[in-house]
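# build me a model from this:
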Amino acid sequence: MEAVVRISGKQYRVAAGERVTVDRLATKVGDKVTFDQVLLLTDGPKATVGVPVVDGAAVTATVLAATRGPKLVVYKYKAKKRYRRTQGARAEQSILQIVAVTGPADGRARATRTPVAEPAKPPVTEKPAKTEAAKPAAPVAEPEQAARAETEKPAAAAAESEKPAQAMADKPTRAAAAKQAPAEKAKPAKAAAVKPAKAAPVKPAKAEAEKPARTKAAKPAAPKKPAAKPKGKE
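Numbering: from 1, shown residues only. Have a look, this model is predicted:
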């Protein structure tokens with residue numbers, strides 16, 4: 001049986017009969033120590049995972065010795081500052097002999113995770129179906145009113161049939177209407193006056209100004225040079 005146990009904040013995989021080096025424990029050499037922070041427990045093909053630890057599982061060990069780890073050299077250096085520091089350190093350690101790895105209850109039973117209960121959902125209430133409001137029944141007419149309405153209907157129909165016949169009799173014939181109506185004189189159609197088309201005003205061509213011909217100015221005559229004096233004795 002193997003287990004993953006937490007000791008001094010670190011995790012170690014241990015089994016019965018093995019030796020483990022851990023950080024220094026506040027115990028004496030030869031004392032027995034029990035660790036109950038078992039995160040994983042295996043028993044052959046079976047494995048039990050803790051949530052976060054396996055309830056009832058434990059690892060028992062015996063302290064064999066209290067030693068120190070290898071020396072570590074710590075060297076500090078700063079360039080161009082004349083700074084150099086050298087320091088050594090050795091970790092305090094304890095050597096443990098694993099005696100037994102026990103599981104929950106009898107050491108063989110497998111712990112199971114407790115399922116998380118889901119919150120109960122509120123029951124879904126069905127909406128009541130909409131019922132159409134009953135329409136009020138039409139009032140029942142009294143027998144006397146019904147009989148009166150039936151007698152008035154044929155009389156009204158007869159009056160309506162007499163109206164068009166009387167209107168036809170009142171209309172005069174076409175010949176009489178033609179005699180009575182004075183003949184309208186045919187009015188001559190007004191001839192549309194033809195408007196003369198407006199002649200576009202002819203703009204007089206701009207007379208080009210006669211430019212005076214450029215004449216070259218006469219150059220003034222060059223002054224005459226005085227006659228050269230004859231060379232000789234004065």
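
# show me the shaky parts of the protein.
Within the chain, the stretches with pLDDT under 70 are 105-120, 126-147, 149-213, 215-218, 227-228, 230-234.

# redo that, cut-off 80
Counting by pLDDT under 80, the chain has low-confidence residues at 105-234.

# all strands for it, in order.
For the chain, applying DSSP state E gives strands covering 2-7, 10-15, 19-23, 32-35, 38-43, 46-49, 58-68, 72-78, 83-89, 92-102.

# so what's Glu2 bridging to?
Note on Glu2: beta-bridge partners Ala15, Thr42, judged by DSSP bridges.

# contact partners for it?
By CB atoms under 8 Å, 6 or more residues apart in numbering, Glu2 lies in contact with 13-15, 41-42, 101. (Glycine included, C-beta is placed from N, CA and C.)

# name the member of those with the most neighbours.
Highest neighbour count within the contacts of Glu2: Leu41, with 28 neighbours (other CB atoms under 10 Å).

# returning to what we had before: okay if I get the contacts of Glu2 as a markdown table plus distance to Phe35?
Formatted as a markdown table, these follow (distance: CB to CB, whole Å):
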| residue | distance to Phe35 |
| --- | --- |
| Arg13 | 13 |
| Val14 | 9 |
| Ala15 | 14 |
| Leu41 | 13 |
| Thr42 | 16 |
| Val101 | 10 |
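
# so which of those comes closest to Thr125?
Thr125 has its nearest neighbour among the contacts of Glu2 in Leu41, at 48.1 Å by CB to CB.

# the closest one reaches Val53, doesn't it?
No: between Leu41 and Val53 there is no contact under CB atoms under 8 Å: 9.7 Å.

# what sits up against stretch 17-36?
Stretch 17-36 is touched from outside by 5-8, 10, 12, 14, 53, 57-66, 91-99, with contacts defined as CB under 8 Å, 6+ apart.

# quick one: end-to-end length of it, please.
18 Å (CA to CA, to the nearest Å).

# cool, and stretch 46-53?
Stretch 46-53 end-to-end distance (CA to CA) = 16 Å.

# which parts of it are buried?
48, 50, 53 (16 or more other CB atoms under 10 Å).

# is it true that the first one touches Leu40?
Okay, so that is Thr48. Yes: Thr48 is within contact range of Leu40, at 7.2 Å (criterion: CB under 8 Å).

# what do these two both touch?
Counting by CB under 8 Å, 6+ apart, the common neighbours of Thr48 and Leu40 are Val54.

# backbone dihedrals for Thr27, both of them.
Main-chain torsions, Thr27, degrees, to the nearest 10: phi -130, psi 170.
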